[in-house]
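# all I have is the shape, not the residue letters:
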């Protein structure tokens, strides 16, 4: 069995079972195509095509299953060729990052800008989703790496490393009573309608857990995946917001004030994840180093070998 035989089978079907047209498409002879297909059938012990005389007319039932396998094999061959072409040039190619809105909006812009200055020939794509979705994108080879908080740690088939720590802040209007308190408590927050993240995003599980431990149930008025949406509704006076600290900028958010609440909800760790066993191009290592200066190629390669459990922030 060889790749030529598989190509001939696939092309015969694509050319509506006309072996002459299949031979032309593959720049070979019709007798050569016919002979190769017959040899493959003899090796497999089944007829792939139905025939009328010497002409093939369609696929047999086992032939349909053979074609499905042929298509899968040829897709993998095409993928191998693409990989070889991309990896041959380490300063060019494609690079896909799967991440959450918060990371894409507030953390990555400066990192992406610095990366593109170093590697202008690399075509960069950003895919957004919740942590579960972006982890699956890496597992399915739809993305080279994922960036999110702890919720992507411990997922089968992924290697994750900590990038940086951050804490939540409460955002309020400039005249809000909470600004007069020396230290905001969970009970204080529970006194007001709360606008915060959807359950799958930006450390929301830690927020819920903190309230639960104190036997409190905050009045969550609105949930969103986007900190900008949360801040918009806070500006309208509909409640107080709980967002990631990185999403607040005193210059940009002049109509709001931020109160640090890391002492209530704990520190969060954003992590980068790659597929176990993946081959990382040199510029992907560079991107990770730009994202997390505490990481370097040596540490990342150790993690890829399963030695990452000794490295935490």
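Cool, got the structure. Predicted model only: the values in this text are computed from it and were never measured. Numbering: from 1, shown residues only.
# low-confidence ranges in the stretch 1-150 of the chain?
When residues are selected by pLDDT under 70, those of the stretch 1-150 of the chain lie in 82-83, 85-90, 150.
# report the central residue of the chain.
residue 98 (2.9 Å; CA atoms, centre = their mean).
# doesn't it lie inside a strand?
Yes. Under DSSP: H, G, I helix; E, B strand; the rest coil, residue 98 falls within a strand.
# distance check, it against residue 275.
Residue 98 sits 11 Å away from residue 275, going by CB to CB, to the nearest Å. Just so you know, the C-beta spots here come from the backbone N, C-alpha and C atoms, and that holds for glycine as well.
# give me the common contacts of the two.
When CB atoms under 8 Å, 6 or more residues apart in numbering defines a contact, the residues bordering residue 98 and residue 275 alike are residue 138.
# that older thread, list the contacts of the residue nearest to the centre of the chain.
127-129, 133-135, 137-138, 142-143, 145-147.
# among these, who's most crowded?
Each of the contacts of residue 98 was scored for neighbours by other CB atoms under 10 Å, and residue 146 scores highest at 30 neighbours.
# from memory that one sits against residue 100, does it?
No. With contact defined as CB atoms under 8 Å, residue 146 does not count as touching residue 100 (9.1 Å).
# overlap of the contact sets of those two?
Joint contacts of residue 146 and residue 100 (CB under 8 Å, 6+ apart) are 131, 134.
# residue contacts, residue 19?
12, 30, 33, 34, 56.
# repeat that for 10 Å
By CB atoms under 10 Å, 6 or more residues apart in numbering, the residues touching residue 19 are 8, 11-12, 29-34, 37, 49, 54-56.
# next one: residue 26
Contacts of residue 26 (CB under 10 Å, 6+ apart): 4, 7, 8, 10, 11, 12, 15, 32, 33.
# roughly how far does the last one sit from residue 2?
Distance of residue 33 to residue 2, computed by CB to CB: 13 Å.
# the two: who's more crowded?
Set side by side, residue 33 and residue 2 show more neighbours around residue 33, with 25 against 10, by other CB under 10 Å.
# hang on, the more buried one packs against residue 17?
No. Using CB atoms under 10 Å, residue 33 is not in contact with residue 17, being 11.5 Å away.
# for the residue nearest to the centre of the chain, name its beta-bridge partners.
For residue 98, the beta-bridge partners are residue 127, residue 146 (DSSP bridges).
# I'd like the distance between it and residue 130.
10 Å.
# could you do residue 295 as well?
Counting by CB to CB - residue 295 and residue 130 are separated by 24 Å.
# and residue 258, how many neighbours?
So residue 258, with other CB under 10 Å, has 20 neighbours.
# break the protein into its domains for me.
Following automatic domain parsing, the chain resolves into domains at 3-87, 93-162+273-310, 168-266.
# okay, how far is it across the last one, tip to tip?
Distances were taken as CA to CA, to the nearest Å; on that basis the terminal residues of domain 168-266 are 8 Å apart.
# could you give the average pLDDT over it?
Domain 168-266 carries an average pLDDT of 92.
# repeat for stretch 283-299
Here the average pLDDT along stretch 283-299 is 91.
# please name the residues that touch residue 247.
Applying CB under 10 Å, 6+ apart, the residues contacting residue 247 are 101-102, 105-107, 166, 168-169, 171, 197, 202, 226-228, 230-231, 241, 253, 258.
# now do 8 Å
Per CB under 8 Å, 6+ apart, neighbours of residue 247: 102, 105, 106, 227, 228, 231.
# restricted to buried residues, select the residues you listed in ChimeraX.
Applying 16 or more other CB atoms under 10 Å to the contacts of residue 247, the buried members can be selected in ChimeraX as follows:
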select :102,105,106,227,231
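# among the contacts of residue 26, which lie within helices?
Those of these mapping onto helices are 4, 7, 8, 10, 11, 12, 32, 33, per DSSP state H.
# just the buried ones out of those, please.
Here, 16+ other CB under 10 Å leaves 7, 8, 10, 11, 12, 33 buried among the ones in helices among the contacts of residue 26.
# redo the residues you listed as CSV? Include distance to residue 161.
Conversion of these to CSV gives the following (distance: CB to CB, whole Å):
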residue, distance to residue 161
7, 42
8, 47
10, 41
11, 45
12, 49
33, 51
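# could you identify the most distant pair in those residues?
10 and 33 (11.3 Å; CB to CB).
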